[in-house]
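Undergrad: structure for this input, please:
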Amino acid sequence: MAFVEDLSIFLADFGKPVVAGAQAGLGILDMPGEYVLGDRVINNQHVLTAEASKFGGLSYGDSLTVDGQPYAVKEGPLSLADGAFCAILLEVLEAIESIGMIYVETIIQASTTIRAQP
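TA: Now for the predicted structure:
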(Lines give C-alpha, C1' and ligand atoms only; values in the text may rest on other atoms or scores of the structure.)
Protein backbone atom coordinates (compact mmCIF):
# COMPACT_ATOMS: atom_id res chain seq x y z
CA MET A 1 0.00 0.00 0.00
CA ALA A 2 1.39 3.40 -1.01
CA PHE A 3 1.70 6.10 1.62
CA VAL A 4 0.05 9.35 0.49
CA GLU A 5 1.05 12.56 2.26
CA ASP A 6 -1.20 15.55 2.74
CA LEU A 7 1.34 18.35 2.20
CA SER A 8 -1.12 21.10 3.18
CA ILE A 9 -0.67 20.03 6.83
CA PHE A 10 2.95 21.23 6.70
CA LEU A 11 1.81 24.70 5.60
CA ALA A 12 -1.34 25.06 7.72
CA ASP A 13 0.20 26.90 10.71
CA PHE A 14 2.46 29.43 8.99
CA GLY A 15 1.36 29.37 5.36
CA LYS A 16 0.04 32.42 3.56
CA PRO A 17 -2.43 32.30 0.67
CA VAL A 18 -0.66 32.08 -2.70
CA VAL A 19 -2.40 32.63 -6.05
CA ALA A 20 -0.72 32.19 -9.42
CA GLY A 21 -3.19 32.34 -12.28
CA ALA A 22 -5.86 29.70 -11.63
CA GLN A 23 -3.68 27.84 -9.08
CA ALA A 24 -4.16 28.58 -5.38
CA GLY A 25 -2.60 27.13 -2.25
CA LEU A 26 -0.49 27.97 0.77
CA GLY A 27 3.17 28.90 0.96
CA ILE A 28 5.68 30.09 3.53
CA LEU A 29 7.29 33.42 2.62
CA ASP A 30 10.72 34.17 4.01
CA MET A 31 11.28 37.91 4.03
CA PRO A 32 14.70 39.39 3.29
CA GLY A 33 17.06 40.81 5.82
CA GLU A 34 19.66 43.45 5.20
CA TYR A 35 23.05 43.34 6.89
CA VAL A 36 25.75 45.99 6.83
CA LEU A 37 29.28 44.63 7.13
CA GLY A 38 31.82 47.41 6.98
CA ASP A 39 31.30 49.05 3.59
CA ARG A 40 29.22 46.18 2.15
CA VAL A 41 25.48 45.62 2.25
CA ILE A 42 24.20 42.05 2.00
CA ASN A 43 20.54 41.71 1.09
CA ASN A 44 18.69 38.39 1.08
CA GLN A 45 15.85 37.58 -1.31
CA HIS A 46 12.15 36.92 -0.78
CA VAL A 47 11.80 33.13 -0.94
CA LEU A 48 8.49 31.28 -1.18
CA THR A 49 8.36 27.64 -0.09
CA ALA A 50 5.32 25.91 -1.59
CA GLU A 51 4.04 22.60 -2.91
CA ALA A 52 5.86 21.67 -6.09
CA SER A 53 2.74 20.02 -7.50
CA LYS A 54 0.93 23.39 -7.39
CA PHE A 55 3.67 25.95 -8.04
CA GLY A 56 6.55 23.96 -9.55
CA GLY A 57 5.60 25.06 -13.07
CA LEU A 58 6.22 28.77 -12.49
CA SER A 59 9.03 30.39 -14.44
CA TYR A 60 10.93 33.69 -14.61
CA GLY A 61 8.64 36.71 -14.87
CA ASP A 62 5.42 34.93 -13.89
CA SER A 63 3.27 36.96 -11.53
CA LEU A 64 1.64 35.74 -8.35
CA THR A 65 0.33 37.09 -5.08
CA VAL A 66 1.33 36.03 -1.59
CA ASP A 67 -1.10 37.16 1.11
CA GLY A 68 -2.43 39.78 -1.36
CA GLN A 69 1.01 41.28 -2.14
CA PRO A 70 2.03 41.11 -5.84
CA TYR A 71 5.32 39.42 -6.70
CA ALA A 72 7.13 38.26 -9.82
CA VAL A 73 9.20 35.10 -10.07
CA LYS A 74 12.86 36.05 -10.10
CA GLU A 75 14.23 32.50 -10.16
CA GLY A 76 12.97 29.05 -9.50
CA PRO A 77 11.38 26.87 -8.66
CA LEU A 78 14.20 24.98 -6.97
CA SER A 79 13.28 21.48 -5.83
CA LEU A 80 13.71 20.85 -2.11
CA ALA A 81 14.67 17.46 -0.59
CA ASP A 82 12.35 14.80 -2.06
CA GLY A 83 10.74 17.21 -4.55
CA ALA A 84 7.43 17.59 -2.71
CA PHE A 85 8.20 21.27 -2.01
CA CYS A 86 9.99 23.91 -4.03
CA ALA A 87 11.66 27.25 -3.26
CA ILE A 88 10.85 30.19 -5.53
CA LEU A 89 12.85 33.42 -5.45
CA LEU A 90 10.55 36.43 -5.75
CA GLU A 91 10.77 40.16 -6.28
CA VAL A 92 8.20 42.59 -4.94
CA LEU A 93 6.49 44.41 -7.80
CA GLU A 94 5.39 47.55 -5.94
CA ALA A 95 8.83 48.11 -4.38
CA ILE A 96 10.49 48.09 -7.80
CA GLU A 97 8.09 50.75 -9.08
CA SER A 98 8.59 52.90 -5.95
CA ILE A 99 12.37 52.74 -6.17
CA GLY A 100 12.22 53.75 -9.84
CA MET A 101 10.03 56.75 -9.05
CA ILE A 102 12.30 57.86 -6.20
CA TYR A 103 15.34 57.55 -8.50
CA VAL A 104 13.72 59.61 -11.28
CA GLU A 105 12.53 62.23 -8.79
CA THR A 106 16.04 62.51 -7.31
CA ILE A 107 17.58 63.07 -10.76
CA ILE A 108 15.02 65.76 -11.60
CA GLN A 109 15.63 67.54 -8.28
CA ALA A 110 19.42 67.36 -8.76
CA SER A 111 19.30 68.76 -12.30
CA THR A 112 16.93 71.56 -11.23
CA THR A 113 19.28 72.51 -8.38
CA ILE A 114 22.33 72.56 -10.67
CA ARG A 115 20.57 74.82 -13.23
CA ALA A 116 19.31 77.20 -10.52
CA GLN A 117 22.81 77.99 -9.25
CA PRO A 118 24.50 81.07 -10.80
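Undergrad: ok, and what's touching the lengthiest strand in the chain?
TA: Scanning the chain for the strand with the most residues, using DSSP state E, yields strand 69-80. Strand 69-80 has contacts (CB atoms under 8 Å, 6 or more residues apart in numbering) with 45-46, 48-50, 52, 55-65, 86-94. For every residue, glycine as well, the C-beta is placed using N, CA and C.
Undergrad: show me those residues that map onto strands.
TA: Short answer: these in strands (DSSP E) are 46, 48-50, 63-65, 86-92.
Undergrad: which of those lies closest to residue 25?
TA: Of all the ones in strands among the contacts of strand 69-80, residue 50 has the smallest distance to residue 25: 6.3 Å, by CB to CB.
Undergrad: can you select the buried ones from the ones in strands among the contacts of strand 69-80 in ChimeraX?
TA: Applying 16 or more other CB atoms under 10 Å to the ones in strands among the contacts of strand 69-80 leaves a buried subset, and the ChimeraX line that selects it is:
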select :46,48,49,50,64,86,87,88,89,90,92
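Undergrad: identify the farthest-apart pair in the ones in strands among the contacts of strand 69-80.
TA: 86 and 92 (19.4 Å).
Undergrad: surely residue 20 is in contact with residue 66?
TA: No - using CB atoms under 8 Å, residue 20 makes no contact with residue 66, being 9.5 Å away.
Undergrad: on that earlier part again, list the buried ones in the longest strand of the chain?
TA: 71, 73, 76-77.
Undergrad: can you give the strand pairings for it, parallel or anti for each?
TA: Strand pairing for strand 69-80, using DSSP bridges, gives strand 63-66 (antiparallel), strand 85-92 (antiparallel).
Undergrad: tell me the mean pLDDT over it?
TA: For strand 69-80, mean pLDDT rounds to 91.
Undergrad: quick one: that strand to strand 46-51, angle?
TA: 60 degrees (axes from the mean of the first three to the mean of the last three CA atoms, to 10 degrees).
Undergrad: how close does the closest residue to residue 51 other than its chain neighbours get to residue 92?
TA: Leaving aside its sequence neighbours, residue 51 sits nearest to residue 7 (CB to CB, 6 or more residues apart in numbering; 5.0 Å). Counting by CB to CB, to the nearest Å, the separation of residue 7 from residue 92 is 26 Å.
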